[in-house]
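sequence first, predicted coordinates after that:
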4 protein chains.
Amino acid sequence: MTDPLTIAGRTFESRLILGTGGAASHTDIAESITASGTELVTVALRRVNPEAEGTVLDLLEKLGVDILPNTAGCFTAEQAVRTARLAREAFETNWIKLEVIGDENSLLPDQVELLEAAETLIGEGFVVLPYTNDDPILARHLEEAGCAAIMPLAAPIGTGLGVRNPHNLAMICDQARVPVICDAGIGTASDASQAMELGCDAIMLATAVTRAEKPALMAHAMKLAVEAGHAARNAGRIPRRHLAHASTTFEGMAEL
Amino acid sequence: MTDPLTIAGRTFESRLILGTGGAASHTDIAESITASGTELVTVALRRVNPEAEGTVLDLLEKLGVDILPNTAGCFTAEQAVRTARLAREAFETNWIKLEVIGDENSLLPDQVELLEAAETLIGEGFVVLPYTNDDPILARHLEEAGCAAIMPLAAPIGTGLGVRNPHNLAMICDQARVPVICDAGIGTASDASQAMELGCDAIMLATAVTRAEKPALMAHAMKLAVEAGHAARNAGRIPRRHLAHASTTFEGMAEL
Amino acid sequence: MTDPLTIAGRTFESRLILGTGGAASHTDIAESITASGTELVTVALRRVNPEAEGTVLDLLEKLGVDILPNTAGCFTAEQAVRTARLAREAFETNWIKLEVIGDENSLLPDQVELLEAAETLIGEGFVVLPYTNDDPILARHLEEAGCAAIMPLAAPIGTGLGVRNPHNLAMICDQARVPVICDAGIGTASDASQAMELGCDAIMLATAVTRAEKPALMAHAMKLAVEAGHAARNAGRIPRRHLAHASTTFEGMAEL
Amino acid sequence: MTDPLTIAGRTFESRLILGTGGAASHTDIAESITASGTELVTVALRRVNPEAEGTVLDLLEKLGVDILPNTAGCFTAEQAVRTARLAREAFETNWIKLEVIGDENSLLPDQVELLEAAETLIGEGFVVLPYTNDDPILARHLEEAGCAAIMPLAAPIGTGLGVRNPHNLAMICDQARVPVICDAGIGTASDASQAMELGCDAIMLATAVTRAEKPALMAHAMKLAVEAGHAARNAGRIPRRHLAHASTTFEGMAEL
């Protein structure tokens, strides 16, 4: 039974996308990527020198995973657009995970700058995957602008707080006609399952794995959790009830 | 990497225990059991005739899973003790999932009757696995009485509400020196993951699978979710933070 | 508009009961009691010498509030019963807030010992108000034993975690035919409002006021919160909806 | 002890703002306004004819409350700006509650259009109070644009779901230097208290009162809840603890 994820015509067996930020070593990264089963890893342009040897890029190439460059650290549409162009040349891909941060402390996205950058980059032929807040209206604007996927947060980057507003995330999933990838805020396996159950098509995370006590084991947990949540979504869960409902009825019970 | 569950000296590779109540057909039961990987299935004495042919018992035998008889439908210690004795003879096992229900609507356990029944049955050589509420003090009493495991609820039977009181469940897990098996109230995969992350050693569920739209697919989801939650627990999750924490630092950022 | 609370035939205008444990000074106690409007204050027998002068008892008498002795610090039914008898003599009241603690760290009640002590004391003519967990079955047993009220916890004593399991608390309120007084775990005003909205008849709290930065102001907040929650319960709140519902319809909208 | 709310130089004793949408009758409106103690009521331009007699406007004038016109029903910045200008003339006030809706079903605000409309209206001398989502970055943009207050939602309009994302609301309150008025989604008294405890300066609501079974009683509950939450915020609540903390210590306990 296969049920691949398709983004802008590319197909992935894994519904988990990893970042490497915060990893303690290349060994941790390699083991985590292998354990996670991911096929796509995001890398910040400004953190790597694509031409240096022995970098994380070499490692990712050796592991056979694709690279999704991102614009982490950009605070304006202009910065993000310039970074995306540099990334396109450096990584030889027109895919870009678009981040435009509005605040240094919370690292929350800036919706106005984000939408502007997305429109510009789509006009230049980029495949844009924007990191956004959990607002359904902005998600719709991003989709209408031509984004290849929507990447709403579960919670602020690095907080591990899980899905703060399931209601909003479900609304985004219900309305979207492009893949919804939950990005940022996942802390543990059940957070990833829950996001998938709400209707997300994939999960993107970094800190939850790289800063766990045992990164490779957490990567394995996340792989299972994403598959579990996706299967549970498709299996059609039972409704929540306030009154209990016995699986064993009381009719015909023997007098003991 | 194996990490088996041991209850009263018996070892299980799977940390998922199923019930069959509510299943639409024997086909659904067989497919769900296979998809779940479970090795132990609970059966209500009063729902089966152990000597009839073509029953669920034949099916379970054919599937190679062990049977854990339960006392579902008993409202007093006396009823439960008598049912357990009958079950021991019928199923040729001294293991019993002890249920003493306090209320027909909520199917919540009656703590006082439960403890009394547990003490009696342990005195008679039973291996007692009691279905209890999420009260840490009662859990300790049951453990001190000699129960082989503690089976606290996540939520009332059949509600699918998930872990209503994570704080209590975590306290029970922290103090217990016997396995803690979360029983009742699980609705979907993330509920099972969460219970394992809180420290439970195993999950017991029935309705969430048998009444899902696609039972076998949900059974598969639950298998993955239990493994995911167990791995995540052991992997040591990141702490929850109220302030974001960037995986990419801002030092040395190139001027773009 | 008056809507008094009646417990065992006694009538109270205020639905807030206070404890004084943790108070920094008698001034704080006096100001908090006045600000709270409470008519009933619980006092641990073992913390006061009823015959000493200048004690909290003198203060309470001067403030005109009634005393509800409690059995705080008792770990067995026997201890609690003995303490209750001493309190009856010392305080000249047959009312007792019955506490039987099961664990020194969590201070959670011990259901089995609690029920036993309640039965004994009721047999001796006490008006028993038991501090219990949030289990609906135990609440029913306590009511059937003849308790004058049920005092389920919101969360463990002193944690300020608020209502951990609203579902259980609502079940207790729905079934009870004696007053339900939410006791322990209230941290702030909205916790008290919520407990009243779930159907509680009154709130008992100590730490939330005595250890607040400004105790008297918090006591005032709690007074308002209890009244607010009680009024909101009686006012019949709107249902929760997942889809928005405009207060202004779109029909007949002028073309602007 | 007075602690007035000041918005754009105007001072209010009440921290509760009401809408009248959904009210069953003028009697209900009058009784609710009186019971709430509000001094400011929002009115949709397109729902009233300011020159007709016997309208809600006459009623509000008679009750002595001020009118805050709003742009409910507008879907673009252009519509909202035109509506605001008409409202200024009709109601002879330059205050405007700015609503630019992004979706007819959820009635969620459209951030991009909202910010554009706010900038235009501020340029024209309006005192702008924008209804916004709970995004801290957009809240900052609105404040920097010169808005007189920020009105983030608790949940979508009319849902009664309460504060969906307390974390976001607290971030908005922590950073704002203009009043934060929680608008939309309040269902019952504890929701209003909670929003105030998170740091909001005032609450705006309509449906929770107008569609309650007893509107005037709910208006009274909301009055108390807003005051309770505000006092609790200022009183400095106790911290939440995972381990219990006895208000009665065990030292020096008499042997009973």
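Arrived safely, thanks for sending.

what is the neighbour count of the residue in the stretch 1-150 of chain A that chain C sits nearest to?
Nearest residue of the stretch 1-150 of chain A to chain C, counting by Cβ to the nearest Cβ: residue A:136, 10.9 Å away. C-beta here means a position set from N, CA and C on the backbone, and glycine is covered the same way. Using other Cβ atoms under 10 Å in any protein chain shown, residue A:136 has 26 neighbouring residues.

ok, now the one 3 residues further on?
The burial count assigned to residue A:139 is 26, neighbours taken as other Cβ under 10 Å.

so it versus chain B, what's the distance?
21 Å (Cβ to the nearest Cβ, to the nearest Å).

ok, now which ones touch the residue nearest to residue A:200 when sequence neighbours are not counted?
Leaving aside its sequence neighbours, residue A:200 sits nearest to residue A:182 (Cβ to Cβ, 6 or more residues apart in numbering or on different chains; 4.4 Å). The contact partners of residue A:182, taken as Cβ atoms under 8 Å, 6 or more residues apart in numbering or on different chains, are A:151-154, A:163, A:169, A:192, A:195-196, A:200, A:202-204.

kindly report the same for residue A:239.
residue B:160.

what about 10 Å?
Going by Cβ atoms under 10 Å, 6 or more residues apart in numbering or on different chains, residue A:239 touches A:245, B:159, B:160, B:187, B:211.

now swap in residue A:88 and tell me
Per Cβ under 10 Å, 6+ apart, neighbours of residue A:88: A:45, A:69, A:94, A:95, A:96, A:121, A:124, A:125, A:126.

related to what we said a few turns ago, most neighbours among the contacts of residue A:182, which one?
Neighbour max across the contacts of residue A:182 (other Cβ under 10 Å) = residue A:192, 37 neighbours.

let me know the next secondary structure element after the helix or strand where that residue lies.
Residue A:192 belongs to helix A:189-197 when assigned by DSSP states H and E. Later in the chain than helix A:189-197, the nearest helix or strand by DSSP H and E is strand A:202-205.

partner strands of that next one and their direction?
Partner strands for strand A:202-205, per DSSP bridges, with pairing direction: strand A:16-19 (parallel), strand A:181-183 (parallel).

just the helices from the stretch 101-250 of chain A, written as ranges.
For the stretch 101-250 of chain A, applying DSSP state H, counting those that start in this stretch gives helices covering A:111-123, A:136-144, A:166-175, A:189-197, A:207-210, A:215-235.

re earlier: the residue of the stretch 1-150 of chain A closest to chain C is in contact with residue A:176, isn't it?
Yes: using Cβ atoms under 10 Å, residue A:136 and residue A:176 qualify as a contacting pair, with a distance of 9.1 Å.

list residues touching both of those two?
In contact with both residue A:136 and residue A:176: A:150, A:152, using Cβ under 10 Å, 6+ apart.

how about the residues of chain A that lie near chain C?
Contact residues (Cβ under 10 Å from any Cβ of the partner chain) of chain A with chain C: A:167, A:170, A:171, A:242, A:243, A:244.

what's the farthest-apart pair in the residues you listed?
A:171 and A:244 (29.8 Å; Cβ to Cβ).

settle it for me: which of those two has more neighbours?
Neighbours were counted for residue A:171 and for residue A:244 using other Cβ under 10 Å; residue A:171 has more, 27 against 24.

now do the contacts for that one.
Taking Cβ under 10 Å, 6+ apart, we find residue A:171 in contact with A:134-137, A:139-140, A:165, A:198-199, C:242-244, D:103, D:105-106, D:108, D:156.

lowest-confidence helix or strand of chain A?
helix A:56-63 (a mean of 88; mean pLDDT, DSSP states H and E).

show me what counts as buried in that helix.
A:56, A:57, A:59, A:60 (16 or more other Cβ atoms under 10 Å in any protein chain shown).

distance to residue C:112 for the residues you listed - can I get that in CSV?
Conversion of those to CSV gives the following (distance: Cβ to Cβ, whole Å):
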residue, distance to residue C:112
A:56, 59
A:57, 64
A:59, 59
A:60, 60
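
between those, which is closest to residue D:146?
Using Cβ to Cβ, residue A:56 comes nearest to residue D:146 of the buried residues of helix A:56-63, at 44.9 Å.

re the thing from before, could you say what helices and strands the least confident helix or strand of chain A packs with?
helix A:26-36, strand A:40-44, strand A:66-70 (3 or more Cβ pairs under 10 Å, 6 or more residues apart in numbering or on different chains; DSSP states H and E).

residues contacting residue A:28?
The contact partners of residue A:28, by Cβ under 10 Å, 6+ apart, come to A:20, A:22, A:209, A:210, A:212, A:214, A:215, A:216, A:219.

low pLDDT regions in the stretch 1-150 of chain A?
Scanning the stretch 1-150 of chain A for pLDDT under 70 picks out A:1-2, A:46-54.

many thanks, we can stop here.
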